[in-house]
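>>> quick one, structure for this:
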Amino acid sequence: MLGSHQSDGEGEAQVSRTDGARGEATRLIHAGRATAAASPVRTVAPTLQRGSTLLLPRSRDLYREDIPTYGMNSLAVHDALKAALGDLEGADHVELFSSGLAACTGAILCVVEAGDEILIVESVYGPTRRFCDRFLTRMGVTTRRFTPKASPDEVAAMIGPRTRLLVLESPGSLTFDMLDVAALARVARARGVLTMMDNTWAAGLIFKPLDHGVDLSVQALTKYVCGHSDVFLGSVAARDRAVALKLANFVRDTGASTSPDDVFQALRGLRTLKPRIERHGQNGLIVARWLQTRREVKRVLHPALPDDPGHGLWARDYAGACGLFGLVLEPASDSAVEAFLDRLKLFGLGFSWGGYESLAIPCDPQLRRTPAAQDLGGPLIRLHVGLEDPQDLINDLEQGFAALAAAPP
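So this is what the prediction gives:
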C-alpha cells in the first residue's frame, strides 16, 4: 500500500482494509467521475467538450462567480481531472497549467510580489532556476540559493524578513539529491514562509508533499501522469484556503488556460499511473543494479539504492521509485561519452521523460551552467528507464559501453 514503503521498489504488499477506504489504484481509476452530469447512459470517461463560450439559461447567471461562465478551464473534463488530482494529492484545490514549467512559475508568481525574496534549492529544475534569474529579477524579487546538502537549520538561518517562499525539489534534477522535505517545511512554516515543491519525480503518487507540510505541490503532468510523451500539461495543488485563493486568482487574472483535448489525455493517463510507475520503478532498479557492477561506472545516483546518500530519506518518506536516475562514468573524454550515447538504439536521445520509452542525455553541459556545481568525478548521464524489457535495455547499454571503450582518449 502506498505509504507502506517497499524497500526494493518491486511491488506492493497486499493489505487488508477494515476502514472502508479504497486503495489508490482503485481511486485513480474512478476519481472525478462524480463531476459528470447525471444521465441514464454515460461513457467511462467524461464528455469531451470543445468550446470557449458556455451558454447559460438565465441572464442573471452571466456574472455569477460560483458557477462556470467561460470555457477556459471549467469544462467537464477539466473538473474531472482537477477532482482526480485533488484525490491523488490530498488537496482541496488544484489548478491546471499548459506545461510543467508554467505550473512551477505560476505557483511562484501567485505568492510573491516586488520586494520579496525566495530561497531555492540549487538542484531545482534548470528552467525554474532560469525563470528566477531572468523574470523574477525584473519583477524586483530576489532569489537566493542553498545547496541540497544544507541542513534544515542552515536553511532556516537564511530566512530573512523579506523571505516569502522556499522552493524545493526532491530528488533534485540531474543529481538526485534528497531533501528532508518535512523538516524544511516545518522551519519555513515556523517563520511564516510558504513552501513549494516540484514533485514530478514522484508524480503525486509515491510522495505526497501536502502531507509533509508543503503549501504548493507542483507536477509536470507532461511526464508520468500523461505518460506517452505527447502532451504538455502541469498542475499545482494546495490545501490551505488562503493559498488556494491566491492560486485561483492568479489563473483567472493571467488568463491561463488548458486545452480540453490535452486535459482528456492527462485524465486517461492518470487511470494507469500506478501500474506504470511500479513497472518503471522495477525496471529502473534492475538496470541501476546492473550498472553498479560495471567497471565503467563510478557511481549510480538513485535514492532507492541502499548505498545512495539519500537512501535513508527515501526509505522513510517514499512508497517506491520511478524510472529516472543518473550514473557517473569513470573519467572519459567528451567524444567517448558521445560515442557511448550515439551507439544506443533503445535509449532515445531526448529531453523530458515519464513516457513509456527509455531516454538518455548527457548532463555535464547543464551542470556547467549551474552555480556552485558539484564535482562528481566523471561525466554524468541521466537515464529514464521505460517499459521495455529491462534485459533488452541492458543489452543496449552493453553496446554503448563497447563504443565507450573503443573511443579514442
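>>> okay, residue 109: pLDDT?
Note for residue 109: predicted pLDDT of 98.
>>> identify the residues contacting the closest residue to it other than its chain neighbours.
Nearest non-adjacent residue to residue 109, counting by C-beta to C-beta, 6 or more residues apart in numbering: residue 250, 6.3 Å away. To be clear about C-beta, it is placed using only N, CA and C from the backbone, and glycine gets the same treatment. Neighbour list for residue 250: 95, 106, 109-110, 256 [criterion: C-beta atoms under 8 Å, 6 or more residues apart in numbering].
>>> turn the residues you listed into TSV, including distance to residue 56 and secondary structure.
Listed next are the contacts of residue 250 as TSV, based on distance: C-beta to C-beta, whole Å; DSSP: H, G, I helix; E, B strand; the rest coil:
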residue	distance to residue 56	secondary structure
95	23	strand
106	28	helix
109	31	helix
110	28	coil
256	22	coil
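>>> pick out the most distant pair among the residues you listed.
95 and 109 (12.1 Å; C-beta to C-beta).
>>> these two - which one has more neighbours?
residue 95 (25 against 19; other C-beta atoms under 10 Å).
>>> neighbours of residue 351, just the number please.
Neighbours around residue 351, by other C-beta under 10 Å: 9.
>>> let me know the secondary structure of it.
Secondary structure, DSSP: H, G, I helix; E, B strand; the rest coil: residue 351 is coil.
>>> for it, what are its contacts?
359, 361.
>>> any idea how far residue 359 is from it?
The gap separating residue 351 from residue 359 is 8 Å, by C-beta to C-beta, to the nearest Å.
>>> likewise residue 166?
30 Å.
>>> those two: which is more packed in?
residue 166 (27 against 23).
>>> so, low pLDDT: which residues of this structure?
1-19, 33-41, 369-373 (pLDDT under 70).
>>> centroid residue for it?
Centroid-nearest residue in the chain, with C-alpha atoms, centre = their mean: residue 200, separated by 0.6 Å.
>>> quick one: secondary structure of that one?
coil.
>>> contacting residues for it?
With C-beta under 8 Å, 6+ apart, residue 200 has these contacts: 100, 125, 218-220, 223-224, 354.
>>> any chance of a markdown table for those residues, columns neighbour count and secondary structure?
Supplementary listing: the contacts of residue 200 in a markdown table, determined by neighbours: other C-beta atoms under 10 Å; DSSP: H, G, I helix; E, B strand; the rest coil:
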| residue | neighbour count | secondary structure |
| --- | --- | --- |
| 100 | 25 | helix |
| 125 | 21 | coil |
| 218 | 30 | strand |
| 219 | 31 | strand |
| 220 | 28 | coil |
| 223 | 23 | coil |
| 224 | 27 | coil |
| 354 | 29 | coil |
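>>> between these, which sits nearest residue 52?
Closest to residue 52, out of all of the contacts of residue 200 and judged by C-beta to C-beta, is residue 100, at 24.5 Å.
>>> quick one: the closest one and residue 225 touch, right?
No: with contact defined as C-beta atoms under 8 Å, residue 100 and residue 225 do not form a contacting pair (10.1 Å).
>>> touching both of those two, which residues are there?
Common contacts of residue 100 and residue 225 (C-beta under 8 Å, 6+ apart): 219, 233.
>>> look up phi and psi at the nearest residue to residue 74 once chain neighbours are set aside.
In space, and not counting its chain neighbours, residue 74 is closest to residue 68: 3.4 Å by C-beta to C-beta, 6+ apart. Backbone torsions of residue 68, given as degrees, to the nearest 10, read phi -70, psi 130.
>>> sec struct for residue 383, please.
Residue 383 ends up strand, using three-state DSSP.
>>> ok, what's across the strand from the closest residue to it other than its chain neighbours?
Excluding the flanking residues, the one nearest residue 383 by C-beta to C-beta, 6+ apart is residue 360, at 5.3 Å. Taking DSSP bridges as the rule, residue 360 bridges to residue 349, residue 383.
>>> now do residue 360 against residue 317, distance only.
Look at residue 360 and residue 317: by C-beta to C-beta, they are 28 Å apart.
>>> cool, and residue 43?
38 Å.
>>> looking at the two, which one has more neighbours?
Neighbour comparison, residue 43 and residue 317: the larger count goes to residue 317, with 21 against 9 (by other C-beta under 10 Å).
>>> contact partners for that one?
Contacts for residue 317 (C-beta under 8 Å, 6+ apart) come out as 181-182, 207, 212.
>>> buried ones only from these, please, as a ChimeraX command.
If you want just the buried ones from these in ChimeraX, going by 16 or more other C-beta atoms under 10 Å, the selection is:
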select :181,182,207,212
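>>> mind putting the contacts of residue 317 in CSV, secondary structure and distance to residue 308 included?
What follows is the contacts of residue 317, written out as CSV (DSSP: H, G, I helix; E, B strand; the rest coil; distance: C-beta to C-beta, whole Å):
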residue, secondary structure, distance to residue 308
181, helix, 17
182, helix, 19
207, coil, 16
212, helix, 20
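>>> out of the contacts of residue 317, which comes closest to residue 385?
Distances from residue 385 to the contacts of residue 317, taken by C-beta to C-beta, are shortest for residue 207, at 18.7 Å.
>>> for the closest one, phi and psi?
With angles defined as degrees, to the nearest 10, residue 207 sits at phi -150, psi 140.
>>> what's around the closest residue to it other than its chain neighbours, how many residues?
Nearest non-adjacent residue to residue 207, counting by C-beta to C-beta, 6+ apart: residue 318, 5.2 Å away. Counted with other C-beta under 10 Å, the neighbours of residue 318 add up to 27.
>>> got the contact list for residue 318?
So residue 318 contacts 5, 202, 206-207, 303-304 (C-beta under 8 Å, 6+ apart).
>>> from those residues, which would you call buried?
Judged by 16+ other C-beta under 10 Å, buried ones among the contacts of residue 318: 5, 202, 206-207, 303-304.
>>> okay, these in CSV with distance to residue 310 next?
Shown next, in CSV, are these (distance: C-beta to C-beta, whole Å):
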residue, distance to residue 310
5, 14
202, 13
206, 14
207, 12
303, 4
304, 9
